[in-house]
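K.L.:
Next comes the sequence, and after it the predicted model I'd like to discuss.
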Amino acid sequence: MGHSHDHDHGHHHHTNNKKALLISFLFIAGFMIVEIIGGLMTNSLALLSDAGHMFSDAFALGLSLFAFKLSEKASNPQKTFGYKRFEILAAFINGITLLAISIYIFYEAYQRFLEPPNVSPMMIWIAVTGLIVNIVVAFILMYSGDTEDNLNMRSALLHVFGDLLGSVGAIIAGILILLFGWNFADPIASVIVAVLILMSGYRVTRDSFHVLMEGTPSDMSFEHIENQLVQLDGVISIHDLHVWTITSNFPAFSCHMVVESDINRDVLLQQASKLLHDQFSLHHTTIQVEGKDAEIIDHEDCCN
């Protein structure tokens with residue numbers, strides 16, 4: 001049996017992610033309150049829907065921050081991988097919340113299409129402030145956090161981009177109302193925001209569900225990994241191969257490797273582990289080496 005594990009990678013990103021999430025949470029939560037008050041005062045669904053999006057972002061950022069803290073807890077006999085996967089569970093909850101909020105905004109926009117309300121042009125100034133806040137938060141997440149490889153950080157950035165475009169929509173709606181008195185612009189802008197929320201929610205839910213179902217990481221080819229291992233000297237075949245993700249930046253691998261009887265198994269295990277590490281960035285690997293007789297027994301057990 002061969003096993004390799006590298007826990008050190010990603011620690012620097014982990015610390016930066018927590019700092020970026022905390023600062024972003026404070027910005028988003030603070031301005032969310034401003035938008036709720038402004039939306040109620042100006043009777044703007046565009047502002048209220050954007051506040052709803054910001055609420056989901058604040059909830060997601062807070063939950064992600066809690067998930068990072070929880071993932072630091074040490075593993076134990078009951079949870080051998082620790083609490084690392086809670087980060088993915090947090091992303092899944094966040095995605096479901098986004099989908100629910102988008103449906104609610106569609107419903108409210110439909111009601112306002114039937115009876116367009118009077119909306120105060122003051123919404124423009126609130127939306128402009130929101131745009132500035134979103135640009136600042138996007139900058140913090142992009143340059144302080146790991147938005148490329150971490151699912152929670154990437155989803156948070158997508159939400160902020162959605163908020164940013166939502167603020168732009170509210171500004172455009174406010175200008176159309178101010179210049180032409182076209183109150184339909186408010187529910188139209190809210191529908192655009194709802195579509196952005198729906199898209200973000202779908203992507204986050206899909207990606208996190210894939211991880212929770214222990215699907216093969218999207219950047220890895222199951223067949224390619226198997227083909228590379230089979231080409232090692234002394235390897236006859238590979239079976240029971242599994243590649244999955246524990247949490248962001250933590251892929252795991254296991255397989256049974258059938259080998260020639262005269263092969264040096266220790267050397268082969270080192271070669272296989274190095275191949276998986278160097279070519280596929282797999283740091284947590286478990287390989288069970290078997291002789292030809294074991295392959296025959298496994299086949300007979302499977303068929304009987």
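P.N.:
Right, received. Where do you want to start?

K.L.:
Which other helices and strands does the helix ranked longest in the chain contact?
P.N.:
Longest helix of the chain, by residue count under DSSP state H: helix 11-42. Helices and strands touching helix 11-42, by 3 or more CB pairs under 8 Å, 6 or more residues apart in numbering; DSSP states H and E, are helix 45-71, helix 123-144, helix 151-180. Heads up, the C-betas are built off the backbone N, CA and C, glycines and all.

K.L.:
So what's the residue count around the nearest residue to residue 271 once chain neighbours are set aside?
P.N.:
Distances taken as CB to CB, 6 or more residues apart in numbering place residue 232 nearest to residue 271, at 5.7 Å, with adjacent residues excluded. By the measure other CB atoms under 10 Å, the count of residues near residue 232 is 15.

K.L.:
Let me see the confidence value for residue 232.
P.N.:
pLDDT for residue 232: 90.

K.L.:
what about it, is that helix, strand or coil?
P.N.:
With DSSP: H, G, I helix; E, B strand; the rest coil as the basis, residue 232 sits in coil.

K.L.:
Surely residue 235 is in contact with residue 259?
P.N.:
Yes. Judged on CB atoms under 8 Å, residue 235 makes contact with residue 259 at a distance of 5.7 Å.

K.L.:
Find the residues that touch each one of these two.
P.N.:
residue 268 (CB atoms under 8 Å, 6 or more residues apart in numbering).

K.L.:
Comparing these two, which shows the higher neighbour count?
P.N.:
residue 259 (23 against 18).

K.L.:
Leaving out chain neighbours, which residue sits closest to that one?
P.N.:
residue 234 (5.0 Å).

K.L.:
Give the residue farthest from the middle of the protein.
P.N.:
residue 262 (46.1 Å; CA atoms, centre = their mean).

K.L.:
And what about that residue, helix, strand or coil?
P.N.:
Residue 262 is classified as coil under three-state DSSP.

K.L.:
now it: how far from residue 234?
P.N.:
Going from residue 262 to residue 234 by CB to CB, to the nearest Å gives 8 Å.

K.L.:
what do you get for residue 129?
P.N.:
Residue 129 is 66 Å from residue 234, by CB to CB.

K.L.:
With residue 106 instead?
P.N.:
Applying CB to CB to residue 106 and residue 234 gives a distance of 60 Å.

K.L.:
now do residue 43
P.N.:
Taking CB to CB, one finds residue 43 at 75 Å from residue 234.

K.L.:
Check residue 243 too.
P.N.:
22 Å.

K.L.:
go on, residue 135?
P.N.:
Residue 135 is 57 Å from residue 234, by CB to CB.

K.L.:
swap in residue 170?
P.N.:
65 Å.

K.L.:
For those two, indicate the residue with more neighbours.
P.N.:
More neighbours surround residue 170 than the other of residue 170 and residue 234, with 33 against 17 (other CB under 10 Å).

K.L.:
any low-confidence regions in the stretch 51-200 of the chain?
P.N.:
Applying pLDDT under 70 to the stretch 51-200 of the chain flags the ranges 53, 117-123, 145-150, 152.

K.L.:
pretty sure residue 21 is in contact with residue 63, am I right?
P.N.:
No. With contact defined as CB under 8 Å, residue 21 does not count as touching residue 63 (9.7 Å).

K.L.:
Sort out which residues of the longest strand seen in the chain are buried, please.
P.N.:
Determined from DSSP state E, the single longest strand within the chain is strand 235-247. When burial is assessed from 16 or more other CB atoms under 10 Å, strand 235-247 yields the following buried residues: 235, 238, 241, 243, 244, 245, 246, 247.
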